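Novice: Next input, structure requested:
(one chain, ligands or ions: 3)
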Amino acid sequence: MEQQTSSSACNSELQTSIINIDGLKAAGNCDHVTVERWSVDDIMALFELPFNDLLHKAQLVHREHHEPNAVQVSTLLSIKTGGCSEDCGYCPQAARYHTEVENEPLMKLDDVLAAAKAAKDSGASRFCMGAAWRGPKQRDLDPVLKMIAEVKAMGLETCATLGMLKDGQAEQLKEAGLDYYNHNLDTAPEYYGDVISTRTYQDRLDTLDRVRSVDINVCCGGIIGMGESRAQRAGLLAQLANMEQPPESVPINLLTQVEGTPMHGTEALDPLEFVRTIAAARVTMPNSFVRLSAGRQSMGDAVQALCFLAGANSIFYGEKLLTTGNPEADADNALFAKLGLKKI
Ligand code: SAM
Ligand code: DTB
Ligand code: SF4
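Specialist: Numbers count the residues shown, from 1 in each chain. Ligands and ions are numbered 1, 2, ... in the order given. Reported below is the predicted structural model:
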């Protein structure tokens, strides 16, 4: 990893773009900030450390930057389910794949508020509303703005994941009181075309720029176990870690394989490789909350404990993600008690 502090001009107007990793060592001149750049090779070197050495390194970084035994908990709700126009190869909500997901229109405000209240009562600090859209139309956004304002008024942090944002939409979300916007890069630029064709990597970066520009916290990560190589896992982390300002929240999802999606039947990833990915995320993004996201149901307590040891300090909490299952809150509370973790 290279740290650079220099006196030449800092181009803070720079738009986020796919980072040319080969050029990184020569880049990053900036007037008043120290720029840390991670090359894919640097991150690969982390992945290739002996497992215990990598976890030790991750623990040291974790303890320097975070409360070691605290885990942030967010509850998800699918406010508009299925029938999506996009072709994300992992997603059960894409209209073009034949899955068991039933299409549902945008939920009513009162039903969303009832779900938010239940999440708060069960100990969640953040409520994340997800919609199966390519992006919101204005007539879709208006009722969601109301949901955000009212969930916020209940004393919960708010998060939304609504797809790509157009000019002016991030401003409206900020005005409504949105704390976080989730929009994932999903994978490395080199593998992206094998996963999605209906939107580009740059489209995603443009949405992330819109979110950043209005000071909404960025929640951005990806999916591991989609058949990508280790170098591509490192490539995803390089894109995230090298952002001008890395995401505040980094969800690392293990692919949940759903019958009917193109990715169903992908060879399962070794769980220890997943733990390594969490550790590499922790080391490369010391200040971010790293969220152990989809896939926890298939992990068991021991693998999840390793993920927390590797620096994961956030989870999705509650029995459902968007359309697939997640551990019951009781099971998570029991695991937290066994590990001496507290919810934040
Ligand atoms: N439709 C919006 C979008 O794609 O931007 C928001 C919702 S979308 C379901 C949010 C994220 O969930 C995706 O970007 C992807 O990273 C994750 N996701 C979806 N299906 C998944 C699966 N089967 N396994 C793991 N993660 C998944
Ligand atoms: C994220 O990174 N993972 C969450 C959330 N952001 C929106 C979604 C996981 C979805 C898993 C498949 C499903 O339940 O449909
Ligand atoms: Fe649609 Fe989002 Fe699923 Fe892609 S991930 S198909 S955009 S709901």
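Novice: how long is stretch 172-187 end to end?
Specialist: Taking Cα to Cα, to the nearest Å, stretch 172-187 runs 28 Å from one end to the other.
Novice: number of nearby residues for residue 337?
Specialist: Here the count is done by other Cβ atoms under 10 Å, and residue 337 has 10 residues near it. Glycine gets a C-beta too; all of them are placed from N, C-alpha and C.
Novice: now it, what's its secondary structure?
Specialist: Per DSSP: H, G, I helix; E, B strand; the rest coil, the local secondary structure of residue 337 is helix.
Novice: and this protein, which residues reach ligand 3?
Specialist: Those residues of the chain that sit near ligand 3, judged by Cβ under 6 Å from any ligand atom, are 84, 86, 88, 91, 93, 94, 132, 134, 163.
Novice: Filter the residues you listed down to the buried ones, ChimeraX style.
Specialist: One line in ChimeraX is enough to select the buried members of these, burial here meaning 16 or more other Cβ atoms under 10 Å:
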select :84,86,88,91,93,94,132,163
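Novice: export the residues of the chain next to ligand 3 to a markdown table and tack on pLDDT and secondary structure?
Specialist: As requested, these are arranged in a markdown table below (pLDDT from 0 to 100; DSSP: H, G, I helix; E, B strand; the rest coil):
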| residue | pLDDT | secondary structure |
| --- | --- | --- |
| 84 | 98 | strand |
| 86 | 98 | coil |
| 88 | 98 | coil |
| 91 | 98 | coil |
| 93 | 98 | coil |
| 94 | 98 | strand |
| 132 | 98 | coil |
| 134 | 98 | coil |
| 163 | 98 | coil |
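Novice: among the residues of the chain next to ligand 3, which are in reach of ligand 1?
Specialist: Of the entries in the residues of the chain next to ligand 3, the ones placed beside ligand 1 under the rule of Cβ under 6 Å from any ligand atom are 91, 132, 163.
Novice: Does the second one touch residue 81 like I think?
Specialist: Yes: taking contact to mean Cβ atoms under 8 Å, the distance of 5.8 Å between residue 132 and residue 81 places them in contact.
Novice: Overlap of the contact sets of these two?
Specialist: 93, 322 (Cβ atoms under 8 Å, 6 or more residues apart in numbering).
Novice: Show me which residues of the stretch 51-200 of the chain sit near ligand 2.
Specialist: That would be 76, 92, 130, 161, 182, 184, which are the residues of the stretch 51-200 of the chain within reach of ligand 2 (Cβ under 6 Å from any ligand atom).
Novice: what's the burial count for residue 221?
Specialist: As a burial measure, the neighbour count of residue 221 was computed by other Cβ under 10 Å and equals 25.
Novice: my read: it touches residue 254, true?
Specialist: No: between residue 221 and residue 254 there is no contact under Cβ under 8 Å: 11.4 Å.
Novice: Spit out the residues that contact these two alike.
Specialist: Shared contacts of residue 221 and residue 254 (Cβ under 8 Å, 6+ apart): residue 293.
Novice: Go ahead and measure how far the helix or strand encompassing residue 212 is from the middle of the chain.
Specialist: Residue 212 is located in helix 201-213, with elements delineated by DSSP states H and E. When C-alpha coordinates are averaged (Cα atoms, centre = their mean, to the nearest Å), helix 201-213 and its chain have centres 14 Å apart.
Novice: which strands and helices sit next to that helix?
Specialist: helix 169-176, strand 217-219 (3 or more Cβ pairs under 8 Å, 6 or more residues apart in numbering; DSSP states H and E).
Novice: do it and ligand 2 meet?
Specialist: No: for a cut-off given as Cβ under 6 Å from any ligand atom, helix 201-213 has no contacts with ligand 2; the smallest distance is 12.6 Å.
Novice: now what about that helix, what contacts it?
Specialist: Residues external to helix 201-213 that are found in contact with it (Cβ under 8 Å, 6+ apart): 15-18, 135, 163-165, 167, 169-170, 181, 183-186, 189, 192, 218, 220, 243, 245.
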